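Novice: Fold the following.
(2 chains)
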Amino acid sequence: MAKQLGRDQQGITLRGSAEIVAEFFSYGINSILYQRGIYPPETFTRVQKYGLTLLITTDPELKNYLNNVVEQMKEWLYKCIVQRLVVVISSIENNEVLERWQFDIECDKTAKDESAPREKSQKAIQDEIRSVIRQITATVTFLPLLETACAFDLLIYTDKDLAVPEKWEESGPQFIANSEEVRLRSFTTTIHKVNSMVAYKKDSFP
Amino acid sequence: MSQDCNDEWELSKENVQPLRQGRVMSTLQEALALQETSIHTAVQLKKQEFESEIRFYSGDDPLDVWDRYIKWTEQTFPQGGKESNLTAILERAVKALHEEQRYYKDPRYLNLWLKFGNCCSEPLDLYSYLHSQEIGTTLALLYITWAEVLEARGSFKKADLIFQEGLQRKAEPLDKLQSHHRQFQIRVSRQTLLGLEETPDEKDTGLLGAAELQRSSLADLKGRGKKKVRAPISRVGDALKATNQNRGFQTLTSQQLSNNPGFAVFDENSASGPEIPVLTPQPWTAPPAPRAKENELNAGPWNSGRRPRSSANSGIEAPCPLPSFTPYVEESAQQQVMTPCKIEPSINHVLSARKPEKEEDPLQRVQNHQQDTQEKKEVVMYRKDKVYAGVEEFSFEEIRAEIYRKKTKKKREEEMQAIAQKKEEILRKIEELEKKLKKKEDDKQQQLHEQLTEITEASPPLGLQGFTFSSATEVGEKQPQLQSESQVSEDTQLHKPSCSEEVIQSLDVCPDTQRGNVFLDSEDEQEEQRDEASLGKKGVCLLPPPDPATSFSIFDESSTLANQNISCSADHIQKSGQRPLAVRKPSDSLTAAENIPPETCDELNGIEPLTEDAIVTGSYKNKTLCANPEDTCDFVRAAHLASTPFHGVVAQRVPAPAFSQNVLKEECPESKSAPLNQETLVCEGAYNEALCINKLSPIMEASLEDTRSSGSSVSSSGSSLSSVTQISTTKYLHIPEKLELAQSLPAEMVTDSGGISENITGDDVTQFLWSAEQRRKLLDLMPKSLTASPGIHLETGALPVMEFEKDVELGGRTYCVKREYCTNEEYKMFFAILPNFPQLDAKGFAIKVYSQPVPWDFYITLQLQERLNTDFDQSFSENYSCYLYQDGCAILHRDVNRFTLGDFIRGCKSITEDVVLLVVYDLLSVVEKLHKAEIVHGDLSPEVFFLGDRICDPFANDERTSALKIVDFSHSLDLRLQSRVSLPNSFPISQTPHGQQLLAKNSLPYQVDLVGIADIVHLMLFGDHVQVYQENTVWKISQNVSKTADSAFWSKLFGRILNADGKSTVPLLRELREEISDMFDSCFQKRLYEFLAALGETFLLENFL
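Specialist: Numbering: from 1, shown residues only, chains lettered A, B, ... in the order given. Next up, the predicted model:
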């Protein structure tokens, strides 16, 4: 996928950028699901990616679901019509939103008309992505323990005029009332810039 | 974008313990940043705060304090550790609250226990102990946590039992417990299933517990051990929960580790097998302490028994095989970024192994503690509970201080409340009185009115004073009576048109505290019943000779009130608020006279350091010491000359308020200042007091004793309104250097104003310009001419208190103060008449009182007289004298009309333009003269101009009389003396909107007066302040002058005056003045008379009687 592009040419095209970002989402969501214990840890397997050991799910259904989402994302990223991806973690019991991982995407729409690739080495992008994923891992230092069983949901913010594809539905933003927000690092492919942030319930803090 | 601030937590992530409830990012960042700088003061302070709150908490929920303390600790010490002292805090908390049965069902208390459990070596013991003690047994959290720990250790059956127990006891919230139970069951079954699939031979592990596992893995150990050597990780708690496989693996590794003698960690795991069955199944029937002791004993042989075996195995352990993995090294990480070092290297050079933990389990301590308390025999004779309540030890002094602080705080609050109440009452009364007054004035008949005005006009402030006294004495001395007093006064308040009997009654009821009220009420009564007035006067007489400090302290508060009456008296009070200082002044001035030569003021302003030259070359250098053997001050001076170690004054300038208070108390016991006074008055007096004291050399302080007592006794008697001169003269008459003494006084004031300008920041420049020290310096240059002038009278003792409607003695004559003009902190203007003297016209005496012994007005007037010669006419005070006291001065202007131009403008709805022309004519001429004499008035406003005879006295026919008289020169500058002053923006007028616009930084000081003129003229013409705008660099007024009759002239006047930048003012003013005089025609005088006649009826007659 993105690797071909990185190897062949030193530069980022729109398609390549979309692939890189979509791939990041794939690994990022997997990491979150593992780190936050949404799925049992034994259903994850290790892979080497971005110079890190990452865990990705082996659950076939989840894998399938994620692949679908990521493919869809890739398409939208290519069209530069996606603005935000949000991983919402909510309690199964009372559907209360406990955590909200938000990835804001800034698309450089001018890239659609350009033919020349942008100058940025893939390694540089990978380094940036790596630091984002590392931060996701490090968030355990401050995130509250998820005491109940949780489910996750993916929200994608797109431009308004987009027709909702099959198997997708419109949804509210699912904000957390009284939340603490922490910005994480961001990375950019020069065409897509991804800012990450996590919000979590702030309860009974002194 | 926010990467910078994110770095910290990420870099230190290993040092941050995860919290169940999560962390606040801001606190985390702060805590991590704090450690870097290793400045913990803020944290320490907060900790101290909690510690003292624990000890002195007075609410009904002590748990809350602990809860907050612990939460704060968790958040603030992200890495936990010894520094946070969390274990100790938790231990104290559970211990301290153990007696409180009501908390046993409180989830917060349970939470403390559970957190404490994490610190214990064996949380399971703790849980069963809690169970036995019925702590939190109604809460689901206990069972959930308990079961979790059991599950983590693999005791699924027991975990299930615990859940069952919880469900049986209907622990709240039940649904949460149920869902946890469900999930637990799901986990167990899934793991069992997985176990079945993958390792059929280990199928039972889940249910059989750790004991089974250990055995099988022990057998495997030798084979596997060498291949996979892992870092000795001993996970407890949640991590163990992971997977069946993981757990198997972990027990495996731990088993392997058990061979190593060095790791005591291992006991726990291997112990859990045999120990748990003993501990958990029966719910702790016996008291826990003995069991704990048994455990302790058991530990000994256990360890020793193992030792030989492990030593035998050590040979195998010795070769350290290479790890089978290659640690990942980032390509980009050439230069390693160090994780911030959290341990100070100077303290900990090497990571040393911890000594085997000998300390007993905290849980045991808690249990022991409980037993101890049960069979306590010794009686503690100190407040042990307070000393050891928190984690840190408090000293007795700290406790005492805290108690004291609390007491004073409470007292102060009460006082404040009382004062607020008082204030409200007073306000209400004043309002009512005013309303009444207005009503009265509307429909009263002329005759009755004539008799009454004098009294009614005076009444509101009088009533005020009555109140002040009563409240002051109360606050100072009679706390408990406060309530009843205010109650009574409220009563009287309620029946407002109260009959006189009632008033008298209440007087009988509580004569002591009621005085003020009675007084006020009776004042109120006066309008209706004249005889009541006599009672009111009795009220005055009844009042004890008011101690200046006490009686006014309260009023500082009300100084903010908009009401004019109040603000007047407030000013009054503010002035007397400095009394403690004034009282002490005599002594200080004697001693400090030489110490503080003119340079001191500079030094206080941080401009110029004090030099010893000042003493040597000072004005006193050639004076004979001890010219008068009676005069101890000379002796003191001599002592000071001998030792003058007073350089470090600046450094000592910020004394602790407490200190200065003490000083105050000690130094002037006579002044009996109420505590409130000291604390609320911005400690101004105290501040200065301390300043002075710091300056004294030890010798001086010792030798002060004598002079002080005599000096201050004089002043205190002086302040009590009566016969100042008699007493004071006996003391001072024979001092030959009387003059010099008076001169040296200002030196004392220097410290005063230094303190003031400190307090009023922002006004520094102004203060500097108008400050007494500045002027004193100037005046010092010409002491002879000033003091030699016939008008000046040097008085000893303190400035007499000037009060409205009170008699005051100046220079041997008694005057009755009839009116107070607008005043400020530094000075006041009064109007007085001779008492018992029929007042035939509006004439009387204007008394200008300075709170500092700098006769600036006198000086200016003197200068004017000198420089103007024949031009010095009725526009200025021709008959005046100055009384210079030790702490202030009063200038008496005779033959001054009662009314100011301000009254005039306010009094008549419309002033005919003839009169305006006349006034402006005089105004211009006055200012012209001033400027000719190179004096800038600086604060021209309708209030500073008294009406001259031309207006006030219709029968003063000649044209020589002036329409205006100016006597007040508070903000004047003598440009001959202060030639370099170019600070027009420090004049009061430059604070006004128009002043700000018109006065540039570099404009000449004369400019200030022009702006003043413009404003006055505008006020007379249009009734409001001048508003200006700039058009093509020309200043214009916003009002349209075309409506006026002489619009051409007015527009010219404004045009010239507003745009006079840089030009000489004298010719300009003369030109304008001459233009007016051209406009006076023959009928002018007649028209003026007509107007004045009308004016006399509506305005003058009504008010001056």
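
Novice: And B:Ala401, how far from chain A?
Specialist: Taking CB to the nearest CB, to the nearest Å as the measure, B:Ala401 falls 26 Å from chain A. For the C-beta atoms, the positions are set from N, CA and C on the backbone; glycine is no exception.

Novice: pLDDT averaged over whatever helix or strand that residue lives in - what is it?
Specialist: Here B:Ala401 sits within helix B:396-443, counting by DSSP states H and E. Confidence for helix B:396-443, expressed as mean pLDDT, is 88.

Novice: same question, stretch B:1053-1060
Specialist: 80.

Novice: mind exporting that stretch as PDB, just the C-alpha atoms?
Specialist: Once non-C-alpha atoms are left out, stretch B:1053-1060 reads as follows in PDB (Å, rounded to 0.1, in the frame of the first residue of the first chain):
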ATOM      1  CA  LEU B1053     -12.300  82.700  25.000                       C
ATOM      2  CA  PHE B1054     -12.500  79.000  24.700                       C
ATOM      3  CA  GLY B1055     -10.500  79.000  21.500                       C
ATOM      4  CA  ARG B1056      -7.800  81.000  23.100                       C
ATOM      5  CA  ILE B1057      -7.700  79.300  26.400                       C
ATOM      6  CA  LEU B1058      -7.800  75.800  25.000                       C
ATOM      7  CA  ASN B1059      -5.200  76.400  22.400                       C
ATOM      8  CA  ALA B1060      -2.800  78.400  24.400                       C
END
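
Novice: Pull out the buried residues from it.
Specialist: Applying a neighbour-count criterion of 16 or more other CB atoms under 10 Å in any protein chain shown, one finds B:1053-1054, B:1056-1060 buried in stretch B:1053-1060.

Novice: do the same with stretch B:995-1008
Specialist: Neighbour-count burial for stretch B:995-1008, with 16+ other CB under 10 Å as criterion, is recorded at B:995, B:997-999, B:1003-1008.

Novice: Would you confirm that B:Glu878 belongs to a strand?
Specialist: No. Secondary structure assignment (DSSP: H, G, I helix; E, B strand; the rest coil) places B:Glu878 in coil, not in a strand.

Novice: so who does it touch?
Specialist: The contact partners of B:Glu878, by CB atoms under 8 Å, 6 or more residues apart in numbering or on different chains, come to B:872, B:895.

Novice: hmm, 7 Å instead?
Specialist: Remark: with contacts taken as CB atoms under 7 Å, 6 or more residues apart in numbering or on different chains, B:Glu878 is in contact with nothing.

Novice: where's it relative to chain A, distance?
Specialist: Looking at B:Glu878 against chain A, where the rule is CB to the nearest CB, the gap reads 75 Å.

Novice: and B:Ala1093, how many residues sit next to it?
Specialist: Counted by other CB atoms under 10 Å in any protein chain shown, the residues lying close to B:Ala1093 total 10.

Novice: what about the helices in chain A?
Specialist: Using DSSP state H, the helices of chain A run over residues A:2-8, A:14-35, A:60-79, A:122-138.

Novice: quick check: mean pLDDT across the second one?
Specialist: Meaning helix A:14-35. Across helix A:14-35, the per-residue pLDDT values average to 90.

Novice: who does it touch, helix- and strand-wise?
Specialist: On a contact count with 3 or more CB pairs under 7 Å, 6 or more residues apart in numbering or on different chains; DSSP states H and E, helix A:14-35 meets helix A:2-8, strand A:52-57, helix A:60-79, strand A:82-91, helix A:122-138, strand A:192-201.

Novice: what about that helix, distance to the chain center?
Specialist: A distance of 5 Å separates the centroid of the chain from that of helix A:14-35, by CA atoms, centre = their mean, to the nearest Å.

Novice: quick one: low-confidence parts of chain A?
Specialist: Per-residue confidence of chain A (counting by pLDDT under 70) places the weak regions at A:1-10, A:203-206.

Novice: show me what contacts whichever residue of it sits closest to chain B?
Specialist: The nearest approach of chain A to chain B comes at A:Pro144, 3.0 Å away (CB to the nearest CB). The neighbourhood of A:Pro144, defined by CB under 7 Å, 6+ apart, consists of A:200-201, B:20-22.

Novice: Need the buried ones from those residues selected in ChimeraX.
Specialist: Buried members of those, identified by 16+ other CB under 10 Å, are gathered into one ChimeraX selection as follows:
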select /A:200,201 /B:21,22
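
Novice: Distance to chain B added to the helices and strands packed on helix A:14-35, as CSV?
Specialist: Putting the helices and strands packed on helix A:14-35 into CSV (distance: least, CB to the nearest CB, whole Å) gives the following:
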stretch, distance to chain B
helix A:2-8, 15
strand A:52-57, 8
helix A:60-79, 16
strand A:82-91, 10
helix A:122-138, 4
strand A:192-201, 6
